[in-house]
Each structure stands twice: as structure tokens, then as C-alpha cells.
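1. Next input, structure requested:
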Amino acid sequence: MTLGDNGPSSRGASLPPFGDHGPGRRDATALPPGDDGPARRDASAPSPGDRGPGYRHASDTTEPDEHRETTHDNADTTAEDTARDTARNTARNTAEDHAADTARTIAGGTGDREGAIRSAALPSGDVTFMFTDIEGSTRLASGLGAERYRVVLHRHRALVREVLRATGGTEIDTEGDSFFVVFHHAAAACAAAIGIQTALREADWPDYGRETGPLRPRVRIGLHTGEAWPSAGGYATPEVHRTARICSAAHGDQILASAACADAAGLPPAAMHRLGDFELRGLPGATELVQLAAPGLPSAFPPPPVRPRTHHLPADLKAPVERPGEYRELDRAFAKHRLVSLTGLRGCGKTTVAKAWARRRLAFYEHGVWYCRAGEDLGAALLDALGRRPEVLTPALDTAVDRLKEARALLVLDDVDRSHAGEVARLLQDCPDLHLLAVGPRPLELPGEAKRALGLPPAEVGAAILAGHCEDRGAPWTPADCRGVATAVEGFVPALTALAEVTALGSPAAAQRYLDDDPVRALDAGGRFRATIDEAVASISGPARAVLLELAARSRGATVDEVLDLCRQRDGSLEALVELVDVALVVIERPAMDEAVYRVPAPLRWLLVGAAAEASSRAERLQPRAAVAASFADRLVRPVSIEGPRLRAVA
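-> I've put the predicted structure just below:
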């Protein structure tokens, strides 16, 4: 049996017309299969237009311990039943709270049905839950009045139970206009949901003389599959509450299911439409919702009235300093590439730039923007960012790939290094619409990767960064006050961070004096600036260190030809230059469109060659290099050749 085709007994066409219950038909409010109740009799009802003596009980049926079959003579019992139905519906303020309350009641397995439910073989393990209710039932009951609403309500119950009998659903509880049902198999639950909506649409409904036509109730259905075991005739599990919230997120005539239910049912893409991740009230993490589709059922609905989860970007503790130049570079890179690496020294602001840029791109990615720190287990980090739980016996990365393989999304991976290259390649290969921004000290060196090193910010941006550091320390200095210091260190962010204390506790003028007297001492008073540079230098190759020292002795930098001339005694000079640019130890400047100059930032030169050598180098052109600072030269290793041709264009 295909999805949506539940056999002749599941369709509304198999039910007799409204008011015609036919011979031998079970009550509209029949008990679960296997429990026929005491002395049950069929209800014989006239058609909707027949106002004869039995009309008020046309769809009233017998339920054990709740209702008895009534006639026109026992009006007192009918009035009491009517009052109870009306009170039950009007007491519910909102459909969502009603569904949640129902879930809480059901989780304990209470009520007169408990004995019958216990006797049934309730599903266990992977269980599929279903909640249904009528959209706007309180308003419907108030507008129709007790008797007319009673007719619609019981006709609705009869149709739903007819489909449940055909698809093997076990009815746990019914309260007012809602059903709570469990299934052994997710596919059966999906077929039942489609069968219910089809039966409701094809059945005959009274119009009560209204201009709107037949008064068909709009039923919303929520499905979810999760791990559960029956207890005391019911289920005590958060999965029940999740199902109730999914039902509350649906619109009338709509079937919403969790992605877990759709996957368990093996639904093909044509049978569902993925709506994205949503945060369900009171439940941790995110739940991906899908809308079930079938011929004859409507497919256009407003978005679910719950909060969509479109990103996992951590909130900033303070507003970041805008860096529009860097944002434009990333925009251009992603226009032609799916993988872009953003590299730079520790503390240079890579993460801040990446998060700020990603936040600006939320509207461009239908399935969200997700941020995570790679760590030792990239798959587990991804699942945490996506709000998903690991699956038993399934690697975390496989679960993450399944979630992202059809998503048009942006993934920001922070603290990435080359040990993650294989996992990143897997994500890009299996998820064709995924864009990935890798943030780390070095590129991943994967095919198709666009590399962007975080360059020196403009003077105004550097001044704003330094002023922000001062503000954090309670100092009143503005970006205008800090502009001179920021210009002196060329906006080099690690240097700005190193000067924050002296600038905040003294003044920008005091910081400038310290820089003029002894720039290395001013920058490295606490040792953090030198540690940052040492860490970066330790990660590069021997030839790259040699080229770095050659360039550090030239304050104006060097062109590609000059680099080749300076390093002609060594192999792999251009390869080494590319490596330096990748880790942001060397910046590229373009004084003319057809010329690129490679230069070491001033604070780094001061540390590498000393302030005196830096001053004398300003007068040099192509003279031999100044002596390297001994303390730094001692830490250099002997240059080595690079194995294999990895030359890339750098000009």
C-alpha cells in the first residue's frame, strides 16, 4: 500500500454520507480495537436536513463509562453531556496550551481507558506518536452553539477512528477535539495522517444555512518518532511533549512531522517538504520539521507559528568594530567558491570578523548559518551547533552530513587546522549546497579553496579597536584620541592589544612616547606580543623564516622580482612567500594595479630586526640586509627545501 492510499476503509468515501450510518456501523466514538464495551447499539440518524425527533442525537454515540445512547425522552442526560462537551472546549485558551496539557495528562496514563489500554500491546522502542486537534475549536464551538458543534465534533471523531482502525493506530486518549495515538511503524502513522485529512475533505458536512458552505473542521496533525516505552497504560517521555508542540505548530489541514519521523518512514523527497529547524517551547535544542504532501491535499501554508532556528552564532558581548573591507573580500570569495579560509595571527580578530560577516548573510541562506569550534571531534561539534543528538551506532559526522546534505546553508568552522581537512572535504562533497568558512591560523590546502588572510585594517578601524579596548578598561579615550597610536603600529591588531593597558591607564600620548622611546619594550611589556609572534613563526617552514627575515629588513617591502633577487640562493622562495601571506606575517599592498608589494608590518619588523635596524633600513634601497636581532635569530632553524612542486601564483 503506497503512502496516502490507506485502502478502501481509510478513505472518507468508505463512510456513508453524513447522517447515514448504515446498518451494522460502529459508533462514531468507538473504543479502541478489541474493546466493544457493554451492550453497544448502532445509532440511527437522519440526514442533516431532517429536523425530526431524533435530530439532536444524530451523531451522538455510546462510549463506556461516559455516554449512553440517548433518545428524545432522556433530555436531561443529553443536556448534561452537551454541557460537558462545551465546557471542555471553551476552557481551553489556546490550542497549543491544550495540546501540551493533554501531553502531560497522557504521560501519566490516567483515565477510565487505562485498563483497556494496558491490555493492548502498546508499541515500545522506536514509537511514532500522533496528535490531532481542530484548529480554532473554541471559536467554532462558540459560533455554532453546543448542539451543532456536538454534531460536527462526533462526525470528526467517527472519521478519524475509521482511518485509525485501517492503519493500526492505537488510540491512547481523546479529550475534546484532540486525539493522541501511537503507532508501531512511522510509515503507518504517515499513511494514517494523510488518510485522516483525505477522509475529512471527502466527507459530507452540514452547512447550517451559512453562506460559507459546508462546515468542515480544519484538523491539524503532528507526528514524531522517538524512543519510548509504555508505562501505566501510557508514555512518560519528553517525546510526547515534542509531538504535542509539533501539532501546535501546524495549521488547519496541514500535517507536520519531525525529520526523525520522516526518516523512519522512508519518505521520498516528493512526499514531503522540509521547512527547516525550529525551537519548540520548553524543549531543548532544535527540531527539524517537514510537511507531508499527497495528491488532493493542500500544500501552501504560512510558516509554522514557532520560532525558526536559523543560526547558531554566539551573541557578541559587545558590538564588534565594523570592517567593511574584509566583508567585501569574503563576499567576492564566496561568489565563486564554496570553501573560503580566513587566516591570521592569534588575536588578530579572525573570529570577530567571521561572525560579524556571517550574521550579515543570514538572509542569503535558506537553511541557516551555523557556527562551531572544530575541536577534536568535528562531527560532535557540528551536531551540537545544529541542535541534534548523536545517533546510536552512527558516527557523529555521518549524522551531521545527513542533516546538511540537502541544505542551502553556511557553516562557519572556527579553530580549524589541517587535521580537519578530510572531514571538511567530506562535508563539501556530500552537501552540494553547503558553503563553508574555515577560520584558523593556516589554510586547509583543499582543492577549490579560496584563501583570505586578515590584512591590516584602515587607520580609522584600528583607532576604533584601540578605543574599544580602552573603553573596556574604563578609559574615556575616543577613536580620534587613539588614531595616532593606531597609525604608528599600522593597525596591527596584536600590537593594539598589547598597547591597550598603557593607553587606558595613561593616555594615547603616553603610549606614543613609549613607542618612540623603545617600541619593542612598549609592545612586549607582558610578553604576550612576543609569544603571539613566536607561535606563528614556529608554524612556518625554514625557507619561509628566511624570507621573512629578508623582508623584515626592508621597511618599504619588496616586489616578487626583488624577493627572487634577495633569495636567489635558496629554493622555494616564492613558495615561502605564499606561506607567509597565508599566515598574515606578510601583507600585500598594491600601489599600482600591475604591481604587488610584499611587506612585513612595522611592529613585527621591530621585534625581528630591532628598532635601530628598522630606522636605518628606511634609507636603504637594495643594500644588504641589516643584522638580525640575536635573540630571535637563535630561535630560527636552518632553511630546508620544500618537497614537491606546490608553487602558486602570488602576484
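2. quick one: low-confidence ranges for this protein?
-> Scanning the chain for pLDDT under 70 picks out the ranges 1-120, 209-213, 567-572, 593, 611-651.
3. Let's see the longest helix seen in it as PDB, backbone CA atoms only.
-> With secondary structure taken from DSSP state H, the chain has its longest helix at helix 146-167. Only the C-alpha atoms of helix 146-167 are listed here, as PDB (Å, rounded to 0.1, in the frame of the first residue of the first chain):
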ATOM      1  CA  ALA A 146     -23.500  23.400  21.900                       C
ATOM      2  CA  GLU A 147     -25.800  21.100  19.800                       C
ATOM      3  CA  ARG A 148     -24.500  22.000  16.400                       C
ATOM      4  CA  TYR A 149     -20.900  21.800  17.500                       C
ATOM      5  CA  ARG A 150     -21.600  18.400  19.000                       C
ATOM      6  CA  VAL A 151     -22.700  17.100  15.600                       C
ATOM      7  CA  VAL A 152     -19.500  18.300  13.900                       C
ATOM      8  CA  LEU A 153     -17.300  17.000  16.700                       C
ATOM      9  CA  HIS A 154     -18.700  13.500  16.700                       C
ATOM     10  CA  ARG A 155     -18.600  13.300  12.900                       C
ATOM     11  CA  HIS A 156     -15.000  14.300  13.100                       C
ATOM     12  CA  ARG A 157     -14.300  11.600  15.700                       C
ATOM     13  CA  ALA A 158     -16.000   8.900  13.600                       C
ATOM     14  CA  LEU A 159     -13.900   9.700  10.500                       C
ATOM     15  CA  VAL A 160     -10.600   9.700  12.400                       C
ATOM     16  CA  ARG A 161     -11.300   6.400  14.200                       C
ATOM     17  CA  GLU A 162     -12.300   4.800  10.900                       C
ATOM     18  CA  VAL A 163      -8.800   5.600   9.500                       C
ATOM     19  CA  LEU A 164      -7.100   4.600  12.700                       C
ATOM     20  CA  ARG A 165      -8.700   1.100  12.600                       C
ATOM     21  CA  ALA A 166      -7.500   0.700   9.000                       C
ATOM     22  CA  THR A 167      -3.900   1.800   9.700                       C
END
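4. What is that helix packed up against?
-> helix 75-90, strand 125-134, helix 137-144, strand 170-175, strand 178-183, helix 186-202 (3 or more C-beta pairs under 8 Å, 6 or more residues apart in numbering; DSSP states H and E). No exception for glycine: its C-beta is placed from N, CA and C like everyone else's.
5. one more time with 7 Å
-> helix 75-90, helix 137-144, helix 186-202 (3 or more C-beta pairs under 7 Å, 6 or more residues apart in numbering; DSSP states H and E).
6. hang on, isn't residue 193 packed against residue 255?
-> Yes - if you go by C-beta atoms under 7 Å, residue 193 and residue 255 touch, sitting 4.6 Å apart.
7. Tell me which of those two has more neighbours.
-> More crowded of residue 193 and residue 255, by other C-beta atoms under 10 Å: residue 193, with 32 against 27.
8. now that one: how far from residue 224?
-> Residue 193 sits 12 Å away from residue 224, going by C-beta to C-beta, to the nearest Å.
9. beta partners for residue 131?
-> Beta-bridge pairing of residue 131 under DSSP bridges involves residue 180, residue 222.
10. so residue 314, which of the three states?
-> The local conformation at residue 314, judged by DSSP: H, G, I helix; E, B strand; the rest coil, is coil.
11. Now residue 371: which helix or strand?
-> strand 369-373 (DSSP states H and E).
12. Run through the neighbouring helices and strands of that strand.
-> Counting by 3+ C-beta pairs under 7 Å, 6+ apart, strand 369-373 packs on helix 350-360, helix 378-386, strand 409-414.
13. The second one - contacts with which helices or strands?
-> Identification of packing neighbours for helix 378-386 by 3+ C-beta pairs under 7 Å, 6+ apart yields strand 369-373, helix 396-404.
14. what's the closest of the ones you listed to residue 606?
-> Each of these has some distance to residue 606 by C-beta to C-beta; the shortest is strand 369-373, at 32.6 Å.
15. circling back to that earlier point, and for residue 193 and residue 255, which residues touch both?
-> When contacts are counted by C-beta atoms under 7 Å, 6 or more residues apart in numbering, residue 193 and residue 255 have 221, 292 as shared neighbours.
16. what's near enough to touch residue 361?
-> Neighbours of residue 361 in contact, by C-beta under 7 Å, 6+ apart: 369, 410.
17. ok, now how distant is it from residue 201?
-> 41 Å.
18. Could I get the buried residue list for stretch 482-491?
-> 482, 483, 485, 486, 488, 489, 490, 491 (16 or more other C-beta atoms under 10 Å).
19. In strands, which of those fall?
-> Among these, no member is found in strands (DSSP state E).
20. Quick check: which element contains the closest residue to residue 354 other than its chain neighbours?
-> Closest residue to residue 354 apart from its sequence neighbours, by C-beta to C-beta, 6 or more residues apart in numbering: residue 439 at 4.8 Å. Secondary structure from DSSP H and E places residue 439 in strand 434-440.
21. chain center to that strand, what's the gap?
-> 16 Å (C-alpha atoms, centre = their mean, to the nearest Å).
22. after that strand, next one along is what?
-> Counting by DSSP H and E, what follows strand 434-440 is strand 449-453.
23. and the angle for that following strand with strand 434-440?
-> Put simply, strand 449-453 runs at 40 degrees to strand 434-440, going by axes from the mean of the first three to the mean of the last three C-alpha atoms, to 10 degrees.
24. helices or strands up against strand 449-453?
-> helix 324-336, strand 339-343, helix 573-582.
25. and the longest one, which residues are buried?
-> By neighbour count, and taking 16+ other C-beta under 10 Å as the criterion, the buried residues in helix 324-336 are 326, 329, 330, 333, 334.
26. my guess is the third one contacts residue 341, does it?
-> It stands for residue 330. No - counting by C-beta under 7 Å, residue 330 does not reach residue 341; the two are 10.7 Å apart.
27. Okay, residue 274 and residue 253: tell me how far apart.
-> Counting by C-beta to C-beta, the gap from residue 274 to residue 253 is 19 Å.
28. What are the contacting residues of stretch 290-305?
-> Counting by C-beta under 7 Å, 6+ apart, 3-4, 190, 193-194, 197-198, 249, 251, 253-257, 259, 262, 271-275, 278, 289 sit against stretch 290-305.
29. Now the buried members of those.
-> Counted by 16+ other C-beta under 10 Å, the contacts of stretch 290-305 give 3-4, 190, 193-194, 197-198, 249, 251, 253-257, 259, 262, 271-272, 274-275, 278, 289 as buried.
30. quick check, nearest of the buried residues of stretch 482-491 to residue 396?
-> For these, the nearest to residue 396 is residue 491 (40.2 Å; C-beta to C-beta).
31. Setting aside sequence neighbours, what's the nearest residue to that closest one?
-> Leaving out its chain neighbours, the residue that sits closest to residue 491 by C-beta to C-beta, 6+ apart is residue 462, at 3.0 Å.
32. now residue 127
-> Closest to residue 127 by C-beta to C-beta, 6+ apart is residue 228, at 4.5 Å.
33. Hmm, residue 242 and the one you found touching each other?
-> No - contact between residue 228 and residue 242 fails when scored by C-beta under 7 Å: they sit 10.7 Å apart.
34. Select from the buried ones among the contacts of stretch 290-305 every entry located in helices.
-> Using DSSP H, these in helices are 190, 193, 194, 197, 198, 249, 259, 262.
35. May I have the residues that are in contact with the last one?
-> When you say that, I think you mean residue 262. Per C-beta under 7 Å, 6+ apart, neighbours of residue 262: 272, 290.
36. What is the neighbour count of the closest residue to residue 356 other than its chain neighbours?
-> In space, and not counting its chain neighbours, residue 356 is closest to residue 320: 4.8 Å by C-beta to C-beta, 6+ apart. Using other C-beta under 10 Å, residue 320 has 18 neighbouring residues.
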